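Trainee: Structure for this input, please:
(one chain, ligands or ions: 1)
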Amino acid sequence: MEVARRLRHDEPMSDPAHTSDTLVVHGGVPLRGTVTVRGAKNFVSKAMVASLLGEQPSRLMNVPEIRDVAVVTGLLELHGVEVSPGTGPCELLLDPRNVESAHVADIDAHAGSSRIPILFCGPLLHRLGEAFIPDLGGCRIGDRPINYHLDVLRRFGAVVDKMPHGIALRAPTRLQGTKLELPYPSVGTTEQVLLTAVRAEGVTELRNAAIEPEIMDLIAVLQKMGAIISVDTDRAVKIEGVDRLSGFTHRALPDRIEAASWACAALATGGDITVDGARQLEMMTFLNVFRKVGGAIDIADDGIRFSHPGGSLESIVLETAVHPGFMTDWQQPLVVALTQANGLSIVHETVYENRFGFTRALRDMGAQIQLYRECLGGLPCRFGLRNFRHSAVVSGPTKLHGADIEVPDLRGGFSHLIAALAAEGTSRVRGIGLIDRGYEHFQDKLDALGARYDR
Ligand code: EPU
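Mentor: You can find the predicted model right below:
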C-alpha cells in the first residue's frame, strides 16, 4: 500500500465512492463481524514528528490511513522531510536529512484542523533555531489553550512571539534542560517536553507528567533514537539531553480509542464485533467498565471480541480522567450505549470542560440526558466551580429514533454514527468527513459489519 501517496490530506481517504459528506443510515441492525485497528492516531502523528530529531531515516510500521497522518505527512514534507512508503504494508519511511524552514503560508494551509503543529516546536528549534506555529485547529471540545506548551518552551530558553496568524519561536542559543511541573498532566505538553528535552543541553525533570500508553510508546521511540529518559513513580520523568539522535524502527501500538468505539457500537446496537489488533493492556480500564455495563468480552492475543450478551444493560457511575483512568475519548461512544442501560448513569467529564455538546443530537433522537454544572458522582474537578456543563445523567433504556444530525467533532461524530446505527428508522448524518481524521476506512468497516446505509 502506498501509504504516503494516498495519505496526502487533499486526497480521498478511501474509495472515491465513499467520500460523500452525508450518510443516510438505516438503523436498528445489530453490527456483527470483524474489523481491524491499526496504530494509534494519537501516537503515530507524534512518532512522525520525532523523526525530525534524528540524523538518519526512521521507519514507522502499523500506520493507519487517516487524515491526521496525511496532515503530518504534508507538514513534514514542507520542512524538507522525505516521506515515502516502506517495503511492508502500512509502513512509512521518514528521511529528515534535509530539514529546512517552510513558508508560513504553506504551513498555515497544510495544518488544516490538526493540533499536531504545536509539537514541531522543539524539533524545529533544535534543527533550525526557529519555528512557526499557525493557529491550531482540533476538535471543538473546550478552549484547548496552548499556554502550558508555550510556558515550557520558554523555560527551555525559546523566545516566543505571538503574530497575527500564529506563533513565531526562536532559540537564540542551544535550548537548556530545566525543572518543570505541569499544572495538569497534559498529554500534548508532556510530549512537547519530551520532544524538546531529548536534545536540550543538560537534564530536564518533569513533574506531573501524563503517562498515557501513547506517551510511553513515544518514549520507546525516543530511546531507540538514542535518548535517555526515565519514568519514575508519581508522574516524574527525567530526560538527560544528548547531542545527537539517530533514526528508529518501530511498530505503533494499536488505537485503543478506535477499538473502544467499535466495542460501544456492538453494545449500543446489540451486536457482536471482534476488533483485530486491539490489545488488553492499554484497555484494561475500558474493559472493566464494558463488563460492568453488561457487555461480554473475549480477549485473545491478536484482538478482542466485544458483544451484547442479550438481556438488559446496567447503568454505571463513571468519571473520565488521565491514564490510568477512563479516557475522555472513550466517554462519547460509551454514552450512546448507556442510553440503552437500565436506570440512571452518571458521567463526570474531568479532562475537557465542554465534551457533552454531542448529547444534544442524542436527545433529538429520543435519549434522556441531562447536563449539570456540578461535579456529579466523583471528586470535585477543576471545572466544578465554573460555568461548564461537564456532568451528564443518562436515563435509560430509551428507544432511539432516526434524526438529521451534524457531526460536531471526531469522537462526537463517531458517537452520532453509533446512535444512528442503533436507532429505529433513518438518520441523515452530515459532515462525516471529520470522522476520517481518526477512523481508518470506517465506511469499509461499516460494510463488513452489515450496517445498512446509503452514501
Ligand atoms: N490544557 C491547557 N493548556 C495547555 C494544554 C492543555 O489548559 O497548554 C488543558 C486542555 O484544555 C484540557 C487538558 O489540559 O482540558 C488536557 O489536554 P491535553 O493536553 O492532555 O490534550 P491534547 O494533548 O491536546 C490529546 C489527544 C486528545 C485527547 C487528549 C486527552 C492528540 C492529538 N490529542 O490532546 O485526543 O482527548 O490528549 O487524552 O493526541 C481525539 O483523539 O479525538 C482527541 C481529542
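
Trainee: hang on, isn't Val29 packed against Tyr453?
Mentor: No - when contacts are counted by Cβ atoms under 8 Å, Val29 is not listed as touching Tyr453 (9.7 Å). C-beta here means a position set from N, CA and C on the backbone, and glycine is covered the same way.

Trainee: Give the helix, strand or coil label for Phe120.
Mentor: helix (DSSP: H, G, I helix; E, B strand; the rest coil).

Trainee: wait, isn't it in contact with Val49?
Mentor: Yes - at 6.1 Å, Phe120 counts as touching Val49 under the criterion of Cβ under 8 Å.

Trainee: Name the next helix or strand downstream of the helix or strand of the chain at the bottom of the mean pLDDT ranking, please.
Mentor: Within the chain, no helix or strand scores below helix 3-6, which has a mean of 45 by mean pLDDT, DSSP states H and E. Where DSSP states H and E defines the elements, the next helix or strand beyond helix 3-6 is strand 22-26.

Trainee: same for the following helix or strand past that following strand, what does it pack against?
Mentor: Going down the chain from strand 22-26, the next helix or strand is strand 32-36, by DSSP H and E. Packing partners of strand 32-36 (3 or more Cβ pairs under 8 Å, 6 or more residues apart in numbering; DSSP states H and E): strand 272-276, helix 442-448.

Trainee: cutoff 6 Å now
Mentor: strand 272-276 (3 or more Cβ pairs under 6 Å, 6 or more residues apart in numbering; DSSP states H and E).

Trainee: looking only at pLDDT, what's the mean for the strand it packs on?
Mentor: In this model, strand 272-276 has a mean pLDDT of 98.

Trainee: chain center to it, what's the gap?
Mentor: 20 Å (Cα atoms, centre = their mean, to the nearest Å).

Trainee: which residues touch that strand?
Mentor: 31-32, 34-37, 259, 262, 266, 303-307 (Cβ atoms under 6 Å, 6 or more residues apart in numbering).

Trainee: Contacts (any at all) between the ligand and the helix or strand that that strand is followed by?
Mentor: Counting by DSSP H and E, the next helix or strand C-terminal to strand 272-276 is helix 284-293. No - counting by Cβ under 6 Å from any ligand atom, the ligand has no neighbours in helix 284-293; the shortest distance is 12.5 Å.

Trainee: can you give me how far stretch 67-84 is from the chain middle?
Mentor: Per Cα atoms, centre = their mean, the centroid offset for stretch 67-84 relative to its chain is 18 Å.

Trainee: meant to ask about stretch 70-88
Mentor: Stretch 70-88 has its C-alpha centroid displaced from the chain centroid by 20 Å (Cα atoms, centre = their mean).

Trainee: What helices and strands are in contact with the helix or strand Phe414 falls within?
Mentor: In this assignment (DSSP H and E), Phe414 forms part of helix 410-422. The contact analysis (3+ Cβ pairs under 6 Å, 6+ apart) places helix 410-422 against helix 256-269, helix 328-338, strand 426-430.

Trainee: want to throw those into CSV with mean neighbour count?
Mentor: Supplementary listing: these in CSV, determined by neighbours: other Cβ atoms under 10 Å:
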stretch, mean neighbour count
helix 256-269, 28
helix 328-338, 27
strand 426-430, 20
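
Trainee: and of these, who's closest to the ligand?
Mentor: Nearest of these to the ligand, taken as Cβ to the nearest ligand atom: helix 328-338 at 4.8 Å.

Trainee: and that closest one with the ligand, contact?
Mentor: Yes - Helix 328-338 lies within reach of the ligand by Cβ under 6 Å from any ligand atom, at 328-329.

Trainee: Give me the contact list for that helix.
Mentor: Against helix 328-338 from outside (Cβ under 6 Å, 6+ apart): 257, 260-261, 264, 267-268, 286, 320, 345, 351-352, 358, 394, 411-412, 415, 418-419.

Trainee: hmm, back to that, now the helix holding Phe414: how far from the chain's centre is it?
Mentor: Distance, centroid of helix 410-422 to centroid of chain: 16 Å (Cα atoms, centre = their mean).

Trainee: residues touching the closest residue to Gly27 other than its chain neighbours, list them.
Mentor: Of all residues not flanking Gly27 in the chain, Ala423 sits nearest, at 4.0 Å (Cβ to Cβ, 6 or more residues apart in numbering). With contacts defined as Cβ under 6 Å, 6+ apart, the neighbours of Ala423 are 27, 365, 400-402.

Trainee: Backbone torsions only: list them for whichever residue of the chain sits closest to the ligand.
Mentor: Residue of the chain nearest the ligand, by Cβ to the nearest ligand atom: Gly188 (2.7 Å). The phi/psi pair for Gly188 (degrees, to the nearest 10) reads phi -60, psi -40.

Trainee: Identify the residues contacting it.
Mentor: Gly188 touches nothing, counting by Cβ under 6 Å, 6+ apart.

Trainee: go on, Lys224?
Mentor: Applying Cβ under 6 Å, 6+ apart, the residues near Lys224 are Phe248.

Trainee: and the gap between it and Lys41?
Mentor: Distance from Lys224 to Lys41, counting by Cβ to Cβ, to the nearest Å: 21 Å.

Trainee: about what we covered before: can you tell which of the helices and strands packed on helix 410-422 is closest to Leu218?
Mentor: When the helices and strands packed on helix 410-422 are compared for distance to Leu218 using Cβ to Cβ, the nearest one is helix 256-269, at 14.8 Å.

Trainee: Residues touching that closest one, excluding its own?
Mentor: 30-31, 35, 37, 272-273, 275, 278, 282-283, 286, 290, 295, 306-308, 329-330, 333-334, 336-337, 340, 414, 418, 421-422, 439.

Trainee: who has more neighbours, Val29 and Tyr453?
Mentor: Tyr453 (20 against 17; other Cβ atoms under 10 Å).

Trainee: what secondary structure does the more buried one sit in?
Mentor: At Tyr453 the chain is in strand, as set by three-state DSSP.

Trainee: Okay, now the unreliable bits of the stretch 1-150 of the chain?
Mentor: 1-20, 111-113, 136-144 (pLDDT under 70).

Trainee: Next one: the residue nearest to Val35 when sequence neighbours are not counted from Arg38, what distance?
Mentor: Of all residues not flanking Val35 in the chain, Lys445 sits nearest, at 4.4 Å (Cβ to Cβ, 6+ apart). Between Lys445 and Arg38 the computed distance is 12 Å (Cβ to Cβ).

Trainee: Is Val71 part of a helix or strand, or is it coil?
Mentor: With three-state DSSP as the criterion, Val71 reads helix.

Trainee: Was I right to think it contacts Ser114?
Mentor: Yes - at 4.4 Å, Val71 and Ser114 qualify as touching, with contact defined as Cβ atoms under 6 Å.

Trainee: Kindly confirm my reading that Leu371 is in a strand.
Mentor: Yes - Leu371 sits within a strand when classified using three-state DSSP.
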